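Visitor: this one's sequence-less:
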DNA sequence: GGTGGTTCGACCAGATGGTCTAAATCTATC
DNA sequence: GATAGATTTAGACCATCTGGTCGAACCACC
């Protein structure tokens, strides 16, 4: 938690600090990230930084929490559903919002990757990453209840595999960002969802869904 | 490339250096990894380290190349096949060898993760990671030729997604290493393969294969 | 003893995360 | 506007660390 006084800081300065830190933490591991580079980029002094944060870990946790909070507010939740078809339609809608949001947040993917994958930061942001994973896991549990999600593997494993697949496809998209074909970005959520269905859905449902998609 | 004299170094010292470096590079990003910690762990002097390697990047590249080479030699290649069933049976056999090898190499997963995911090391080890990816991609291409692998997505994307799925399931296995149920480790390659088939195979084939697995 | 190879560790310039004193700025009151 | 007190900011400083250099000591061999 930052010092309470951080919330009262002038907004422009607050954003400058958080953005500069997000940039640094998105491109380096926590350990390699440098507070000196952050203050230089943010245009504040060392003393000022430590006036608002206990230490580097406090700053990192604040950046992650802020980014996740912003994403959740912008993306919103998943619409309600009563059957498997409704589940996947609602998830596609969610993926569309996620993709749009991520497209406007160049550092978010790198930040989340750091938070999830850097073995050294579990103590700092583990609560946040666990919360995200738990939310997705619960969502999959609701999918199981309506027959939309397979029930032969642990939900925790499915959630992690889905996150990993999403990460791989996101990076594939980003690497070709400048050479995307017309309509490719708009089609991406649906393409990603099909891959997720492959992994997450009962296989018969995935097959049927794909057959319908191919026919239309 | 290390200095040619490194190959003539006493084997115990050579292994000590490579193992110490592998340990450090497996647990930290390249930038955060410290040559001082490596020499302390290896029991050699700073001057000696730089007598054999140009710099930290040279050491890193050597460690990665050595690890990959060792893995390739121990795991071997994939058996030949003439049809889809043969492809997947041969891949399962390969996964078994991979799993066994990785179980005996605690640092290898972390090392490969560093090599693939650390955006800063592309110039250092990009040739090696590209080669691994290309090998898998070619293998998938041969799978396409016998109808074992789907042909509706780019092979590069499929290879990356498969790597990501493998990484997620590997980590899932490792985190529960001390509480694995009897037979769980032995069954892991087949479980992993089923997930890969979901992503890589034509959906009808994946469904048929799973039905057979469930029946037996 | 001479030569070449190997190893050591002091040294270097620069960087790190965090501390702390003093100056600058802000706010409230008169 | 002046003043006092509170808050914020700057940047020098600190101990420690970094990757890499280099002169000298050590070792093996002839």
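Guide: Perfect, thanks for sending it. A quick note: this is a predicted structure, and the numbers were derived from the prediction, not measured.
Visitor: Surely residue A:148 touches residue A:196?
Guide: No - using CB atoms under 8 Å as the test, residue A:148 is too far from residue A:196 to be in contact (11.2 Å). Glycine gets a C-beta too; all of them are placed from N, C-alpha and C.
Visitor: Are there residues contacting both of the two? Which ones?
Guide: When contacts are counted by CB atoms under 8 Å, 6 or more residues apart in numbering or on different chains, the set common to residue A:148 and residue A:196 is empty.
Visitor: Tally up the residues packed near the single nearest residue of chain A relative to DNA strand D, please.
Guide: Each residue of chain A has a distance to DNA strand D, by CB to the nearest atom of the strand, and the smallest belongs to residue A:47, at 2.3 Å. Around residue A:47 there are 8 other residues, counting by other CB atoms under 10 Å in any protein chain shown.
Visitor: chain center to the helix or strand harbouring it, what's the gap?
Guide: With the criterion set as DSSP states H and E, the secondary-structure element containing residue A:47 is helix A:46-52. Here helix A:46-52 shows a centroid-to-chain-centroid distance of 29 Å under the convention CA atoms, centre = their mean, to the nearest Å.
Visitor: do stretch A:31-45 as well
Guide: On CA atoms, centre = their mean, the centre of stretch A:31-45 falls 24 Å from the chain's centre.
Visitor: Please point out which parts of that stretch sit buried.
Guide: A:31, A:32, A:33, A:35, A:38, A:39, A:41, A:42, A:44 (16 or more other CB atoms under 10 Å in any protein chain shown).
Visitor: Can I get those residues in JSON lines including secondary structure, pLDDT and distance to DNA strand D?
Guide: Converted to JSON lines, the buried residues of stretch A:31-45 look like this (DSSP: H, G, I helix; E, B strand; the rest coil; pLDDT from 0 to 100; distance: CB to the nearest atom of the strand, whole Å):
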{"residue": "A:31", "secondary structure": "coil", "pLDDT": "95", "distance to DNA strand D": "10"}
{"residue": "A:32", "secondary structure": "coil", "pLDDT": "95", "distance to DNA strand D": "10"}
{"residue": "A:33", "secondary structure": "coil", "pLDDT": "96", "distance to DNA strand D": "14"}
{"residue": "A:35", "secondary structure": "helix", "pLDDT": "97", "distance to DNA strand D": "11"}
{"residue": "A:38", "secondary structure": "helix", "pLDDT": "97", "distance to DNA strand D": "13"}
{"residue": "A:39", "secondary structure": "helix", "pLDDT": "97", "distance to DNA strand D": "8"}
{"residue": "A:41", "secondary structure": "helix", "pLDDT": "96", "distance to DNA strand D": "13"}
{"residue": "A:42", "secondary structure": "helix", "pLDDT": "96", "distance to DNA strand D": "9"}
{"residue": "A:44", "secondary structure": "coil", "pLDDT": "95", "distance to DNA strand D": "5"}
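Visitor: which among those residues gets closest to residue A:132?
Guide: When the buried residues of stretch A:31-45 are ranked by distance to residue A:132 (CB to CB), residue A:33 comes first, at 21.0 Å.
Visitor: Count the residues that sit near the closest residue to that closest one other than its chain neighbours.
Guide: For residue A:33, ignoring the flanking residues on the chain, the nearest one in space by CB to CB, 6 or more residues apart in numbering or on different chains is residue A:24 at 4.8 Å. Counted with other CB under 10 Å, the neighbours of residue A:24 add up to 24.
Visitor: residues contacting the residue nearest to the spatial centre of chain A?
Guide: When chain A is reduced to its mean C-alpha position, the closest residue under CA atoms, centre = their mean turns out to be residue A:112, at 5.7 Å. Residues near residue A:112 by CB under 8 Å, 6+ apart: A:67, A:68.
Visitor: Mind listing what's buried along the helix or strand it falls within?
Guide: With secondary structure defined by DSSP H and E, residue A:112 is part of helix A:108-117. Taking 16+ other CB under 10 Å as the basis for neighbour counts, the residues of helix A:108-117 that come out buried are A:108, A:109, A:110, A:111, A:112, A:113, A:114, A:115, A:116, A:117.
Visitor: relative to helix A:108-117, how tilted is the helix or strand containing residue A:133?
Guide: According to DSSP H and E, residue A:133 maps onto helix A:122-145. Taking axes from the mean of the first three to the mean of the last three CA atoms, to 10 degrees, one finds that helix A:122-145 is oriented at 100 degrees with respect to helix A:108-117.
Visitor: For the helix or strand just after helix A:122-145, buried residues please.
Guide: Per DSSP H and E, helix A:122-145 leads on to helix A:155-175 as the next helix or strand towards the C-terminus. Residues of helix A:155-175 classed as buried: A:155-173 (neighbour count, 16+ other CB under 10 Å).
Visitor: tell me the mean pLDDT for helix A:155-175?
Guide: Per-residue confidence for helix A:155-175 averages out to 94 on the pLDDT scale.
Visitor: and it, what does it pack onto?
Guide: With contacts defined as 3 or more CB pairs under 8 Å, 6 or more residues apart in numbering or on different chains; DSSP states H and E, helix A:155-175 has these neighbours: helix A:108-117, helix A:122-145, helix A:184-200, helix B:155-175.
Visitor: Distance from it to the middle of the chain?
Guide: Per CA atoms, centre = their mean, the displacement of helix A:155-175 from the mean C-alpha position of its chain is 10 Å.
Visitor: ditto for stretch A:90-98
Guide: A distance of 13 Å separates the centroid of the chain from that of stretch A:90-98, by CA atoms, centre = their mean.
Visitor: now what about it, what contacts it?
Guide: Outside of stretch A:90-98, the residues that reach it under the criterion CB under 8 Å, 6+ apart are A:74-81, A:139, A:189-190, A:192-193, A:196.
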